[in-house]
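*Asks:* model this:
(one chain, ligands or ions: 2)
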Amino acid sequence: MQKKISIIIPVYNEGENVSVFYNELNKALNNKFDYEIIFIDDGSTDQSAKIIENLASSDPRIKYIEFSRNFGKEVALTAGLNNCSGNAAITIDADLQHPVKLIPDFISKWENGAKVVVGVRKKNKSDTLSKRIGSWSFYKIMSRIADTKIIPNSTDYRLLDRQVINEFNRCTERQRMARGLIDWLGFRQTYIYFDAGNRQDGKPGYSFTKLIKLALSSFVSLSLVPLKLAGYLGIFIILCSAVFGIYMIITDYLLNIQDFSGPAILATINLFLIGIVLSCLGLMALYIANIQIEALNRPMYIINKEKL
Ligand code: UDP
Ligand code: MG
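*Replies:* Numbering: from 1, shown residues only. Ligands and ions are numbered 1, 2, ... in the order given. Model prediction:
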C-alpha cells in the first residue's frame with residue numbers, strides 16, 4: 001500500500017501566497033505520492049480562509065482548520081499534527097520561504113529510516129539585522145541553558161514519522177515551541193540544508209516583539225536556569241559578604257589594626273541578609289521547577305522500539 005503524506009501549512013494572512021503555494025506543491029508532488037494537504041488558517045484577517053475553502057471544494061485532498069482568532073504558528077502546527085492521518089507529516093510555511101521542491105528529498109530520507117527530517121536554513125536574505133542578531137543570541141543562550149539540544153537555524157520545515165506525531169500529540173503543555181518539543185522527543189534526526197528566499201508576498205506575521213515572546217516562552221519551557229540564577233547570585237553574595245564580614249571582625253575587633261566605619265559594617269551585614277533572601281528565592285525556584293515539570297505533564301519517556 002502506498003504511504004500517505006500529510007502536508008501541514010499554517011496560514012496567517014497569506015492571501016496572495018496560498019494558491020501559488022498550492023500549485024507549487026502539486027508540481028513537486030506530481031501524483032508520485034499519496035498525500036493530503038491540511039491548511040490551518042490561524043485567524044487571518046484577509047481573504048486566506050475564503051481562498052482555502054475554494055481550493056478545498058475543488059480538491060478532495062485538501063482539508064482545513066480555521067481558528068476563531070490568531071493563536072500563533074506553534075498552536076497552528078499542533079492542530080495540524082493532531083488532525084493529520086498520514087504515515088508522515090511535513091510542516092511547511094505558506095510564504096514559499098521553505099522550498100517546496102525539496103519535499104521529495106524529505107520523503108526519501110524518511111523512507112531510508114529517518115524518523116525526523118529537519119530543514120536547516122543556510123541563510124535568509126530577507127532577515128533584518130535585528131532579527132539575525134536576535135536569532136543568533138537565542139540559539140547561543142538556548143544551547144547554554146536548555147537540556148535539549150537545538151540546532152542553530154533549524155526551521156519548522158520538518159518531516160515527522162507517524163510514531164513521532166503520536167508522541168508529539170501526547171504532550172499537553174500550552175506554552176510551546178513545536179521545534180523545541182520535537183527536539184526534546186528525540187528519535188533519529190537527519191538534516192536537509194536549504195537557502196531561504198524572500199517571502200513571496202505579504203509581510204511576516206511574526207513581529208519582533210512576538211519573536212521575543214516566543215523566545216522567552218521557550219527559555220522558560222525548556223530550561224530552569226533563569227529560575228535558578230537568583231539562587232546562585234544569592235550564594236555568591238553570601239560568600240563575599242561573609243568573607244568580608246569575618247575580615248572586619250578579625251581586624252577591627254580582635255586585632256584592632258583597622259577601624260571600619262559604622263555604615264561599612266551595616267552595609268556588610270545588609271549585603272549578607274540580601275544574599276540569604278536571594279538564595280532562598282533560588283531554593284523556592286527549585287520547588288517551582290518541580291511544580292513546573294509536573295504541570296507540563298510531559299510523558300516521562302519516549303520509546304523508540306520495544307518488544308515486551
Ligand atoms: N503564521 C501563523 N500564525 C502567526 C504567524 C505566522 O500561522 O501568528 C504562519 C505564516 O502564515 C507562515 C508561517 O507561519 O506560513 C511563517 O510565518 P512568517 O513567514 O511570518 O515567519 P518567518 O518566516 O519570519 O519565520
Ligand atoms: Mg516567512
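
*Asks:* please count neighbours and contacts with C-alpha atoms only from this point.
*Replies:* Noted.

*Asks:* interface residues of the chain facing ligand 1?
*Replies:* Applying CA under 6 Å from any ligand atom, we find that the chain lies next to ligand 1 at 10-12, 14, 42, 70, 72-73, 76, 93-95, 204-206.

*Asks:* show me those residues that map onto strands.
*Replies:* Among the residues of the chain next to ligand 1, the ones falling in strands (DSSP state E) are 10, 11.

*Asks:* the residues of the chain next to ligand 1, buried ones only, as a PyMOL selection?
*Replies:* To isolate the buried members of the residues of the chain next to ligand 1 in PyMOL, using 16 or more other CA atoms under 10 Å:
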select buried, resi 10+11+12+14+42+72+73+76+93+94+95
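
*Asks:* mind checking which of the residues of the chain next to ligand 1 are in helices?
*Replies:* When DSSP state H defines the helices, the subset of the residues of the chain next to ligand 1 inside them is 73, 76.

*Asks:* widest-spaced pair of the residues of the chain next to ligand 1?
*Replies:* For the residues of the chain next to ligand 1, the farthest-apart pair by CA to CA is 70 and 95; their separation is 17.1 Å.

*Asks:* other SSEs contacting the lengthiest helix in the chain?
*Replies:* With secondary structure taken from DSSP H, the chain has its longest helix at helix 262-296. The elements that helix 262-296 packs onto, with contact taken as 3 or more CA pairs under 8 Å, 6 or more residues apart in numbering; DSSP states H and E, are helix 225-248.

*Asks:* which residues does the helix it packs on contact?
*Replies:* 145-146, 220, 260, 265, 268-269, 271-283, 285-286, 289 (CA atoms under 8 Å, 6 or more residues apart in numbering).

*Asks:* can you give me the buried ones in it?
*Replies:* 225, 227-232, 234-238, 241-242, 244-245, 248.

*Asks:* same deal with stretch 16-33?
*Replies:* So, applying 16+ other CA under 10 Å, buried residues of stretch 16-33: 16, 17, 18, 19, 21, 22, 24, 25, 28, 29.

*Asks:* thinking the fifth one is in contact with residue 97, fair?
*Replies:* The one in question is residue 21. No. Assessed by CA atoms under 8 Å, residue 21 is found out of contact with residue 97, at 10.3 Å.

*Asks:* just want the phi and psi numbers for residue 12.
*Replies:* phi -130, psi 110 (degrees, to the nearest 10).

*Asks:* where does it land on pLDDT?
*Replies:* pLDDT recorded at residue 12 is 91.

*Asks:* contact partners for it?
*Replies:* Counting by CA under 8 Å, 6+ apart, residue 12 makes contact with 41, 42, 43, 44, 45, 48, 70, 205.

*Asks:* what's the answer for residue 67, then?
*Replies:* Residue 67 sits in contact with 40, 41, 42, 43, where contact means CA under 8 Å, 6+ apart.

*Asks:* pop out the phi and psi values for it.
*Replies:* phi -80, psi 160.

*Asks:* ok, it to residue 79 distance?
*Replies:* Applying CA to CA, to the nearest Å, the value for residue 67 to residue 79 is 10 Å.

*Asks:* between the two, which contacts overlap?
*Replies:* With CA under 8 Å, 6+ apart as the test, residue 67 and residue 79 both reach residue 40.

*Asks:* one step back: would you turn the contacts of residue 12 into JSON lines with pLDDT?
*Replies:* Conversion of those to JSON lines gives the following (pLDDT from 0 to 100):
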{"residue": "41", "pLDDT": "91"}
{"residue": "42", "pLDDT": "89"}
{"residue": "43", "pLDDT": "86"}
{"residue": "44", "pLDDT": "88"}
{"residue": "45", "pLDDT": "89"}
{"residue": "48", "pLDDT": "87"}
{"residue": "70", "pLDDT": "87"}
{"residue": "205", "pLDDT": "63"}
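
*Asks:* and which of those is nearest residue 104?
*Replies:* Set against residue 104, the nearest of the contacts of residue 12 by CA to CA is residue 41 (24.9 Å).

*Asks:* just give the number of residues close to the closest one.
*Replies:* Residue 41 has 27 neighbours, counted by other CA atoms under 10 Å.

*Asks:* same question, residue 273
*Replies:* Residues contacting residue 273 under the criterion other CA under 10 Å number 16.

*Asks:* check contacts around residue 11.
*Replies:* For residue 11, the contact set (CA under 8 Å, 6+ apart) comprises 39, 40, 41, 42, 44, 48, 93, 94.

*Asks:* which residue is the nearest non-sequential neighbour of it?
*Replies:* Distance criterion CA to CA, 6 or more residues apart in numbering; nearest residue to residue 11, sequence neighbours excluded, is residue 41 at 4.8 Å.

*Asks:* how close does the closest residue to residue 71 other than its chain neighbours sit to residue 91?
*Replies:* Using CA to CA, 6+ apart and skipping residues adjacent in sequence, the residue nearest residue 71 is residue 42, 6.2 Å away. In this view, residue 42 and residue 91 are 15 Å apart by CA to CA.
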